[in-house]
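**Q** Just to be clear, the model below is a prediction. Sequence and coordinates:
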Amino acid sequence: MELWGDPRLAAQVLRSRRDGCSEAALRVEPLDDARQVLRLEQHIRALPGVRRLTIDAPARRVRVVWDAARLTLPALLQACAAAGCGAQPLRRDSIDDRRVEARHDLLKRLLVAGMCSMQVMTFAFVIYIGAVDMVDFSTRALFRWLCLLVTIPCVGYCAMPFYRNALRDLRRGRLGIDLPVTLAIVPVFAASAFNTLRGQGEIYFDSIGMFIFLLLGARYLELRARHHSAAQSDAALDAAPLLAQRYGADGALETVPAMQLLPGDRVRIAPGDIVPADGLLESAEARLDEALLSGESGPVLHRRGARLAAGSLLLGAAIEMRVERSAGLGAAARIEALSGRALRRRRRMPARDGKADRYVLAILLLALLTALGWLLVDPGRAFEATVAVLVAACPCAYALAAPTTLTSATGALAAQGVLVTDAAALHKLARVDAALFDKTGTLTLPRAGGNHAAQRPCPTSLGNQFEEQPCPETSGGAENQPRPETDGGAVEEQPRPEARAALDALRADGIAVCIASGDAPERVAALASRLGVPEWHARQRPEDKLALLAALRAVGRVTLAVGDGSNDAPILAAADVSAAPAGGTDLAQSRAGMLLLDGRLDGLVRARAAARKATHLVAQSQRWSLLYNLCAVAPAALGWVPPWLAALGMSASSLLVVMNALRAGRAASAVRRNTQDIGTGRAAHDPLASPTPGRRPGPAASGLGRRQAASPNP
């Protein structure tokens, strides 16, 4: 426990608060009964400086806030041990992240809106009865005032996110989807309040409350679905442990912070522990659960000398491992960095486009025409009809279709070993019709021993001239420089077991496949023949691959690039969609829009099928929402639909879109089950990846010619 006094280790689990306190989240075992929970609470509250304690027994989580000047983390852990519980601090990223705060904030607004709307309906019922049974004027006036008072929190607090979003969009020169919502709430409330003050005229407090409540309910469900999918993508971030058991110089075991592990250190991993860093297995064999890193559902058996990835869970007997990469440079850390990049780039998701802005403008014009028409026919009904049009035509469901569907599919793919770091990639993948594949390390297995890569030439420039320097990395990107032709005694490269079936599945789905490699022509030709790829290009420098990509785009192709080396980074960055295996170089992974965590090419088949299904669901949801709007606007403009009924229909359409979006995640999971045969010699049948209409299944030429031996560049 004294290790947790190390400031560098404590910094990974403690969150500093503005009031000078520290906060930590602990995973505590056991918490099986109420007596154990009570005993733990008593021991922690007896500590000096404890400000707040929250125990979540079902989740085995404890959160503590304390005065950092009076209490330390080791003392807190000792108190847990004295209560008979083992406590393990969690990374500070798990404490009150923005998703939890956003969900709690929206839930509070939803609950307040629900209570206010129900109370307003109760008061409004008396007013409606009074119109028939001749309730006296003073009673009706009292209940009108009660409706006003109860609606104020609903309009002033619950609907505040709509106002902020509308104002933000106007400042950016856009007509956001919350602008019609704001125009449907504020003027109606102002008119109802004015009529209450003067004691006559119609009031719509019940319609306002119901509208806000239903709209918040639909958005809360959308937020829950989006956060659930994002949580699947982030599941690997807590994979690496904070402590490790290392053998010292005298051969004795010592517990050290995992961040202090260096290449060459020998560590022991106990059953049920997580691999703390990337390394080489020194025991005879090990069974690991790599689901969080690669999506592999079953245990993976590794033999002596195999590379183990940080974040894997050890199943079975204890093992020994030689550290190959420091803890901060392992597989889990790379996934965390890429996931962080994905979070920063989520704004690129096509959540809203120009169509939504034009649609909002059309709504405003339609509402204006409705108001003018009723002012000429019956001015007393103009206001109600205009509000009904604004509510019925609200494009909320249309705008929710793309982000909720793509987020659901992205989260499901992350759980299957395909990490989508750029949401726009999944949106474009459904339209891809040409793919360029790197050869060595992408279509082929890494060579045994890895010594061949230790001195391979590594490009330091992407110009026409390269400086050859030894590369320290030994995984991925083994063709960073065009090689001279070799003699026939060279060891033949072996294609990945799943490569042929994966490429066949992509071609059957209407994608033209081409190999672009920096290797010698005879090697590229041999591999292309084994994989059934009719088109290949040898001795390709980075600029040559970019020229191939430009030629494909010139004929209107949507391109996919797959590579693992640093020399593939330019084409990965330039392609419409790009993917890199997890064993590739850091530069290649940073430029790719998708990361194949298990390195298997069948992940592309799953991603393509999931993208096609997600695109279909987006279009379907948008058609549904537009159909509802078209059907509801005309009756609303004619005065047949009151505002409260329009609000109910609008919320129902948004809820339908959210429920339909969740199908994308289930469909992606179904694709995983239907592609299990890839790599075993049997082609997978994927019901979601039907051939593109108008394309004949089978090899499709990309339009660059059949077989090209080499680039004209020397």
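**A** Okay, I see it.
**Q** ok, residue 506 to residue 517 distance?
**A** 18 Å (CB to CB, to the nearest Å). To be clear about C-beta, it is placed using only N, CA and C from the backbone, and glycine gets the same treatment.
**Q** biggest strand in the protein by residues?
**A** Within the chain, and with DSSP state E defining each element, the longest strand by residue count is strand 21-29.
**Q** in that strand, what counts as buried?
**A** Buried residues in strand 21-29, counted by 16 or more other CB atoms under 10 Å: 21-26, 28.
**Q** quick one: least confident of these?
**A** Ranked by pLDDT, the buried residues of strand 21-29 bottom out at residue 25 (85).
**Q** I figured that one was touching residue 90, is that so?
**A** Yes. In this structure, residue 25 is within contact of residue 90 by CB atoms under 8 Å, at 4.4 Å.
**Q** For the stretch 451-600 of the chain, just list every one of the strands.
**A** Along the stretch 451-600 of the chain, the segments classed as strands by DSSP state E, counting those that start in this stretch run 512-516, 536-537, 559-562, 577-581, 594-596.
**Q** list the helices and strands the first one packs on?
**A** Where contact means 3 or more CB pairs under 8 Å, 6 or more residues apart in numbering; DSSP states H and E, strand 512-516 is packed against strand 434-437, helix 499-508, helix 521-531, strand 536-537, helix 542-554.
**Q** May I have the longest one as PDB, with CA atoms only?
**A** Listed next in PDB are the C-alpha coordinates belonging to helix 542-554 (Å, rounded to 0.1, in the frame of the first residue of the first chain):
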ATOM      1  CA  PRO A 542       4.900   6.800 -51.400                       C
ATOM      2  CA  GLU A 543       4.400   9.300 -54.300                       C
ATOM      3  CA  ASP A 544       3.600   6.400 -56.700                       C
ATOM      4  CA  LYS A 545       0.900   5.200 -54.400                       C
ATOM      5  CA  LEU A 546      -0.500   8.700 -54.200                       C
ATOM      6  CA  ALA A 547      -0.500   8.800 -58.000                       C
ATOM      7  CA  LEU A 548      -2.500   5.500 -58.100                       C
ATOM      8  CA  LEU A 549      -5.000   7.000 -55.600                       C
ATOM      9  CA  ALA A 550      -5.300  10.200 -57.700                       C
ATOM     10  CA  ALA A 551      -6.000   8.100 -60.800                       C
ATOM     11  CA  LEU A 552      -8.800   6.200 -59.000                       C
ATOM     12  CA  ARG A 553     -10.400   9.400 -57.800                       C
ATOM     13  CA  ALA A 554     -10.100  10.900 -61.300                       C
END
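**Q** So which bits of it are buried?
**A** Under the neighbour-count criterion of 16+ other CB under 10 Å, helix 542-554 has 542, 544-549, 552 buried.
**Q** could you dump those residues to JSON lines with pLDDT and distance to residue 136?
**A** Output for the buried residues of helix 542-554, formatted as JSON lines (pLDDT from 0 to 100; distance: CB to CB, whole Å):
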{"residue": "542", "pLDDT": "83", "distance to residue 136": "86"}
{"residue": "544", "pLDDT": "88", "distance to residue 136": "89"}
{"residue": "545", "pLDDT": "89", "distance to residue 136": "85"}
{"residue": "546", "pLDDT": "88", "distance to residue 136": "83"}
{"residue": "547", "pLDDT": "90", "distance to residue 136": "86"}
{"residue": "548", "pLDDT": "92", "distance to residue 136": "85"}
{"residue": "549", "pLDDT": "90", "distance to residue 136": "80"}
{"residue": "552", "pLDDT": "92", "distance to residue 136": "80"}
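**Q** From the residues you listed, pick the one nearest residue 494.
**A** When the buried residues of helix 542-554 are ranked by distance to residue 494 (CB to CB), residue 545 comes first, at 23.5 Å.
**Q** Quick one: residues contacting that closest one.
**A** Contacts here follow CB atoms under 8 Å, 6 or more residues apart in numbering; on that basis residue 545 touches 436, 516, 561, 568, 570-571.
**Q** can you give me the helices in the stretch 51-200 of the chain?
**A** Secondary structure of the stretch 51-200 of the chain (DSSP state H, counting those that start in this stretch): helices at 73-82, 98-133, 137-153, 160-171, 178-198.
**Q** which of residue 506 and residue 517 has more neighbours?
**A** In terms of neighbours (other CB atoms under 10 Å), residue 517 is the more surrounded of residue 506 and residue 517; the figures are 27 against 23.
**Q** Pretty sure the more buried one sits against residue 436.
**A** No. Under the criterion of CB under 8 Å, residue 517 lies out of contact with residue 436, with a separation of 10.1 Å.
**Q** Which residues are in contact with the residue nearest to residue 110 when sequence neighbours are not counted?
**A** Beyond its immediate neighbours in the sequence, the residue positioned closest to residue 110 (CB to CB, 6 or more residues apart in numbering) is residue 216, lying 4.5 Å away. Going by CB under 8 Å, 6+ apart, residue 216 touches 106, 109-110, 113, 158.
**Q** Have a look at the chain and report the helix or strand with the lowest mean pLDDT.
**A** Per-element confidence for the chain was summarised using mean pLDDT, DSSP states H and E. The lowest value among helices and strands belongs to helix 451-454, with a mean of 34.
**Q** Show me what counts as buried in stretch 554-562.
**A** Buried, per 16+ other CB under 10 Å, within stretch 554-562: 557-562.
**Q** let me redo that: stretch 5-14
**A** Neighbour-count burial for stretch 5-14 [16+ other CB under 10 Å]: 6, 9-10, 12-14.
**Q** Poorly predicted segments of the stretch 551-700 of the chain, please.
**A** Where the stretch 551-700 of the chain drops to pLDDT under 70, the residues are 586-587, 667-700.
**Q** Tell me where it has helices.
**A** Along the stretch 551-700 of the chain, the stretches classed as helices by DSSP H, counting those that start in this stretch are 569-574, 586-591, 602-637, 643-674.
**Q** got JSON lines for these, with mean neighbour count and distance to residue 176 too?
**A** Conversion of the helices of the stretch 551-700 of the chain to JSON lines gives the following (neighbours: other CB atoms under 10 Å; distance: least, CB to CB, whole Å):
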{"stretch": "helix 569-574", "mean neighbour count": "22", "distance to residue 176": "31"}
{"stretch": "helix 586-591", "mean neighbour count": "22", "distance to residue 176": "32"}
{"stretch": "helix 602-637", "mean neighbour count": "22", "distance to residue 176": "16"}
{"stretch": "helix 643-674", "mean neighbour count": "21", "distance to residue 176": "15"}
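**Q** Residue 154: which of those is closest?
**A** helix 643-674 (12.7 Å).
**Q** hmm, back to that, mark which of the buried residues of stretch 5-14 are part of strands, please.
**A** Of the buried residues of stretch 5-14, none are assigned to strands by DSSP E.
**Q** Turn the residues you listed into a markdown table, columns for pLDDT.
**A** Putting those into a markdown table (pLDDT from 0 to 100) gives the following:
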| residue | pLDDT |
| --- | --- |
| 6 | 76 |
| 9 | 80 |
| 10 | 79 |
| 12 | 77 |
| 13 | 83 |
| 14 | 86 |
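**Q** what's the burial count for residue 368?
**A** Number of residues near residue 368 (other CB under 10 Å) recorded here: 12.
**Q** now it, what's its secondary structure?
**A** Of the three states, residue 368 takes helix under DSSP: H, G, I helix; E, B strand; the rest coil.
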